[in-house]
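Chemist: Model the structure of this input:
(one chain, ligands or ions: 1)
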Amino acid sequence: MPRALITGIAGQDGSYLAEFLLAKGYEVAGLIRRGRTERYERIAHIQNRLQLFEGDVLDQVSLTGVLQKFQPDEVYNLASQSSVFRSWAEPILTGEINALGVSRLLEAIRSTNPKIKFYQASSSEMFGKVRESPQNELTPFYPRSPYGVSKTYGHFVTVNYRESYGLFATSGILFNHESPRRGLDFVTRKITYGAASIAAGRTQTLVLGNLDVERDWGFAGDYVEAMWSMLQQSVPEDFVIGQGTAHSLRDFLRTAFEHLGLNWEKFVHIDPKFMRLAEVEHVVADCAKAHAKLGWKPRTSFCDLVGMMVDSDVKLLKAQTSPK
Ligand code: GDR
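Modeler: Alright, predicted model coming up:
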């Protein structure tokens, strides 16, 4: 049985990846932070099939300890301070987790078992103020936030350990990927939950920031397959993963509200407090390399993704109101 360790297993991507690897017959372990009081809702349904180890990408010793105990064949580094918005308020912590955290993990792998295959969760936020469109593996980076800068370090240190030490280390440059498991602070889930709340008569408004942005949104469940596939190649390489189609935030709003028979323009208000100090206006993936080498293609369309998220939030709100 192959063995995989996932950092960030309790997050959106970690939970989908864990499900995917279990279905493939892997023994799956996850790193969870010490003293965390939150419940692991996203992995509750599979928790009895997982091994959970306490540890932290902030703590070098804990990483070496987990690698020695579990002896994984593959490590997926999905642990992250994943909020771009919050990264201006927490720039140092963001760098410690997203940048130095990658160095700590790579060092732990190098010193414990350099044969371990390593996946680093990199981000389209590294393209930031884009130098060309669409963006591929050779497009120069221009990050626009402490988050984007930290992910750029994580990407390059992964490349560097591959080139310096011959590690099987890969970086997946993933564009925005969403799902019903997305946190409520990210704009897609904020919209689908907001629209469902309005349709249920719970609220009258949805307050957002900058509507003049475009993203390449896909379904997280599709993207974890690409992560795994990158580690099954004969040589380690970096890949851009996305849908290859940009949609405006207004498109997302229209699709979500129309799914419920509503006109978004009647409900959405703008508050500058949700605007960013520097914005990524437009990103769109060129996934030709992933299509050609991994044979990977997303299965879920933009419309199906939005519909899935709205339906899930409608159901969630109903469950919250119906008597137990
Ligand atoms: P992003 O995702 O920054 O692209 O990073 P997010 O959903 O937070 O923002 C997308 C765009 O929407 C605009 N926006 C708002 N965003 C939020 N969160 N809340 C609002 O009210 C709002 N109004 C407008 C933003 O300005 C932005 O342009 C995500 C994260 O998952 C990262 O971890 C990941 O690396 C990238 O996607 C790829």
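
Chemist: Only C-alpha atoms from now on, for both contacts and neighbour counts.
Modeler: Fine.

Chemist: is it true that L31 touches E54?
Modeler: Yes - if you go by CA atoms under 8 Å, L31 and E54 touch, sitting 5.8 Å apart.

Chemist: More neighbours: these two, which one.
Modeler: Neighbour count, other CA atoms under 10 Å: between L31 and E54, L31 has more, with 24 against 15.

Chemist: Please see if stretch 232-247 touches the ligand.
Modeler: No - interface with the ligand: stretch 232-247 contributes nothing (CA under 6 Å from any ligand atom), its closest point being 9.6 Å away.

Chemist: Centre of the chain to that stretch, how far?
Modeler: Remark: stretch 232-247 is offset 14 Å from the chain centroid, using CA atoms, centre = their mean, to the nearest Å.

Chemist: buried residues in it?
Modeler: Buried residues in stretch 232-247, defined by neighbour count with 16 or more other CA atoms under 10 Å: P236, E237, D238, F239, V240, I241, G242, Q243, G244, T245, A246, H247.

Chemist: Let me have the residues you listed in TSV, extended by pLDDT and secondary structure.
Modeler: Formatted as TSV, the buried residues of stretch 232-247 follow (pLDDT from 0 to 100; DSSP: H, G, I helix; E, B strand; the rest coil):
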residue	pLDDT	secondary structure
P236	98	coil
E237	98	coil
D238	98	coil
F239	98	strand
V240	98	strand
I241	98	strand
G242	98	coil
Q243	98	coil
G244	98	coil
T245	98	coil
A246	98	coil
H247	98	strand
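
Chemist: Checking the spatially most central residue of the chain next. Helix, strand or coil?
Modeler: Against the mean C-alpha coordinate of the chain, by CA atoms, centre = their mean, the closest residue is D13 at 5.5 Å. Following DSSP: H, G, I helix; E, B strand; the rest coil, we place D13 in the helix state.

Chemist: right, and the helix or strand after the host helix or strand of T255?
Modeler: For T255, the host element (DSSP states H and E) is helix 249-259. Using DSSP H and E, the helix or strand that follows helix 249-259 in sequence is strand 268-270.

Chemist: Please report the distance of I109 from F118.
Modeler: As defined by CA to CA, to the nearest Å, I109 lies at a distance of 9 Å from F118.

Chemist: nope, Y40 is what I was after
Modeler: Distance, Y40 to F118, by CA to CA: 24 Å.

Chemist: So those two - more neighbours on which side?
Modeler: Remark: of Y40 and F118, F118 carries more neighbours, 27 against 15, as counted by other CA under 10 Å.

Chemist: List the beta-bridge partners for the more buried one.
Modeler: V75, A169 (DSSP bridges).

Chemist: Surely it is in contact with G172?
Modeler: No - between F118 and G172 there is no contact under CA under 8 Å: 10.6 Å.

Chemist: contacting residues around stretch 2-20?
Modeler: With CA atoms under 8 Å, 6 or more residues apart in numbering as the test, stretch 2-20 has contacts from 21, 25-32, 40-43, 46, 70-80, 179, 181-183, 220-221, 224-225.

Chemist: Who are the contact partners of R250?
Modeler: Shown in contact with R250 (CA under 8 Å, 6+ apart): L211, D212.

Chemist: try 7 Å
Modeler: Contacts of R250 were listed using CA atoms under 7 Å, 6 or more residues apart in numbering, and they are L211.

Chemist: That one and H269: what is the separation?
Modeler: Look at R250 and H269: by CA to CA, they are 13 Å apart.

Chemist: and what of L52?
Modeler: 42 Å.

Chemist: which of these two has more neighbours?
Modeler: Between L52 and H269, L52 has the larger neighbour count (other CA under 10 Å), namely 18 against 12.

Chemist: helix, strand or coil for that one?
Modeler: Looking at L52 with three-state DSSP, the answer is strand.

Chemist: so it touches L31, yeah?
Modeler: Yes - L52 lies in contact with L31 (CA atoms under 7 Å); the separation is 5.9 Å.

Chemist: now the angle between helix 249-259 and the one helix or strand D311 maps to, please.
Modeler: Assigned by DSSP H and E, D311 belongs to helix 302-321. On the basis of axes from the mean of the first three to the mean of the last three CA atoms, to 10 degrees, helix 302-321 is oriented at 60 degrees to helix 249-259.

Chemist: Show me how far helix 302-321 is from its chain's centre.
Modeler: Distance of helix 302-321 from the chain centroid (CA atoms, centre = their mean) equals 20 Å.

Chemist: Pull out the buried positions in it.
Modeler: Using 16+ other CA under 10 Å as the test for burial, helix 302-321 gives F302, L305, V306, G307, M308, M309, V310, D311, S312, D313, V314.

Chemist: which residue packs closest to K190, ignoring adjacent ones?
Modeler: Nearest residue to K190, sequence neighbours excluded (CA to CA, 6 or more residues apart in numbering): L184, at 5.1 Å.

Chemist: Could you count how many residues lie near the one you found?
Modeler: Neighbour tally, L184, other CA under 10 Å: 14.
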